[in-house]
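Peer 1: Provide a 3D model corresponding to the input given below.
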Amino acid sequence: MSEDPNSDSSTSESDISACSSSFNPLKALYSTKVKLPMENAPMYENLCQFESAQKESTSIIPVGQKHLVIEREQEKESKKQEEQRLLEEKNKRRFMKYEVTAPVRREKISHNVLTRIESMDGPLATLKECVDSRLRIKIITRNATGVRGVLHANLIAFDKQWNLALSDVLEIWKRKAPRKRKIPPGMGVPVAKGSAAAISPVPRITETPVGGGLWECTRHIPQLVVRGEHIVLINVVER
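Peer 2: This next block holds a predicted model:
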């Protein structure tokens, strides 16, 4: 039987010695008697990495050196942050001379009835006092021909056109007796039925005869908006 050329019995010391001129890498690969000249030698994935490591010893990291990879990534990140900080300082110094002349953009303030009330002056300042102090006021209203009636209410809000938002309103006015009233065609007594009446019931009117063919009418309204063109006079009842 012929002897296996790769067996240890047919392998000489010179065949597996890396420093020998008759070094046989195939036998050294399969032999168990191989002695590494340097046991702690770095290991690379391929020959290309080994050649690159010989040229640039700091850029190529051997296999199994994970801590070196982590240190290198941390060094890159800190270097990147430092470059970013230096760039921000450079830009800040660059545009510092233009900060004084740069126009300041004013914040847009929304204006409505509630914000305009705070800056009211003159007669409207009295209405603002009524809103703040919850004072009860008396309002005389008009119709197309003269004075219509009186409103006793609490003022909630107003504007420069004297449009008023009122609450807890007691309305008092006078009109002719029922037999002398002229009801326009298509109009009659409102019926308190349906979904609208369930949400906001129709105020009940109380009529009292005062003589001279006139009746005094009163009704209570929870909330009411009065246009400024219908107002004749406003008087503060409580102070």
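
Peer 1: what ranges do the helices span in the protein?
Peer 2: 25-30, 47-55, 66-95, 113-117, 123-133, 195-199 (DSSP state H).

Peer 1: can you tell me which of these comes nearest to residue 205?
Peer 2: Proximity to residue 205 (Cβ to Cβ) singles out helix 195-199 among those, at 15.0 Å. Every C-beta, even on glycine, is put in place using the N, C-alpha and C of the backbone.

Peer 1: buried stuff in stretch 145-154?
Peer 2: The neighbour-count check on stretch 145-154 (16 or more other Cβ atoms under 10 Å) flags 148-154 as buried.

Peer 1: measure residue 209 to residue 83 for me?
Peer 2: 95 Å (Cβ to Cβ, to the nearest Å).

Peer 1: cool, and residue 208?
Peer 2: Counting by Cβ to Cβ, the gap from residue 208 to residue 83 is 90 Å.

Peer 1: out of everything not next to it in sequence, what's closest to residue 116?
Peer 2: Nearest non-adjacent residue to residue 116, counting by Cβ to Cβ, 6 or more residues apart in numbering: residue 159, 6.9 Å away.

Peer 1: again with residue 127
Peer 2: Counting by Cβ to Cβ, 6+ apart, the residue nearest residue 127 is residue 158, at 5.2 Å.

Peer 1: Lowest-scoring secondary structure element of this structure by mean pLDDT?
Peer 2: Using mean pLDDT, DSSP states H and E, helix 195-199 stands out as the lowest-scoring helix or strand of the chain, at a mean of 66.

Peer 1: picking up where we left off before, kindly reformat the helices of the chain as a markdown table containing mean neighbour count.
Peer 2: Output for these, formatted as a markdown table (neighbours: other Cβ atoms under 10 Å):
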| stretch | mean neighbour count |
| --- | --- |
| helix 25-30 | 13 |
| helix 47-55 | 12 |
| helix 66-95 | 10 |
| helix 113-117 | 13 |
| helix 123-133 | 15 |
| helix 195-199 | 9 |
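
Peer 1: where do the strands sit along this structure?
Peer 2: 136-142, 147-158, 164-176, 206-211, 214-226, 231-236 (DSSP state E).

Peer 1: In terms of secondary structure, what does the first one contact?
Peer 2: Looking back up the chat, that one is strand 136-142. Strand 136-142 sits against strand 147-158, strand 164-176, strand 231-236, with contacts defined as 3 or more Cβ pairs under 8 Å, 6 or more residues apart in numbering; DSSP states H and E.

Peer 1: can you pull the pLDDT of residue 123?
Peer 2: Note for residue 123: predicted pLDDT of 80.

Peer 1: For residue 206, see how far away the spatially closest residue to residue 152 that is not a sequence neighbour is.
Peer 2: With sequence-adjacent residues excluded and distances taken as Cβ to Cβ, 6+ apart, residue 152 is closest to residue 170, at 4.4 Å. Plainly put, residue 170 is 11 Å away from residue 206 if you go by Cβ to Cβ.
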